[in-house]
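*Asks:* Pasted the sequence and its predicted model underneath.
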Amino acid sequence: MSTAPAGLGTAAAAGSGLLGEVYLAFSTAVLPALRRRPDAEAAAAMREVNRVILNPVFGTLFGGTALACGAALVVAALDGEPLRAAGAVAGLAGFAVTAAVNIPLNTALEGGGPWSAFDRRWTLANHLRTATSALAVVLLLL
């Protein structure tokens, strides 16, 4: 018998999917658009994006998804569901990449400097968290 509260895996998958869509939009639209702008303008735009995204809706989605994935991992481990556990880990990996790479780069960019100094590392990390979010959705829903 499952120890999972009703909908926990679905909530973790839905949150991961929504976050993955945000990250995908950055990879396919925002980042290419920034590269077409002069460096100082791109840096200013990214700084503004970083300020605007700090809002209750995104914060709840981001933090809530991490909590749901953490809880789903515990339940999947207790229930002996390795694919769901792997999905929860993938969801948490996106959170970890954001915390370890994207947020520190955002903080450094806020301190000044050209976007080109941050673009490559930020973009690679963003692609990674897009992929981990997509993987989380698939594995959590199997």
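*Replies:* Perfect, I can see it now. Residues are numbered from 1 along each chain as shown.

*Asks:* quick one: the residue most central in space within the chain from residue 19, how far?
*Replies:* Closest to where the C-alpha atoms of the chain average out (CA atoms, centre = their mean) is residue 94, at 4.6 Å. Plainly put, residue 94 is 6 Å away from residue 19 if you go by CB to CB, to the nearest Å. Every C-beta, even on glycine, is put in place using the N, C-alpha and C of the backbone.

*Asks:* give me the element residue 77 is part of.
*Replies:* Using DSSP states H and E, the element containing residue 77 is helix 56-79.

*Asks:* what do you get for residue 44?
*Replies:* Per DSSP H and E: residue 44 is located in helix 39-52.

*Asks:* Can you mark which positions in that helix are buried?
*Replies:* By 16 or more other CB atoms under 10 Å, the buried positions in helix 39-52 come out as 42, 43, 46, 47, 50.

*Asks:* As CSV, these with distance to residue 108 and pLDDT would be great.
*Replies:* CSV is the format used below for the buried residues of helix 39-52 (distance: CB to CB, whole Å; pLDDT from 0 to 100):
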residue, distance to residue 108, pLDDT
42, 15, 97
43, 11, 97
46, 11, 97
47, 11, 97
50, 11, 96
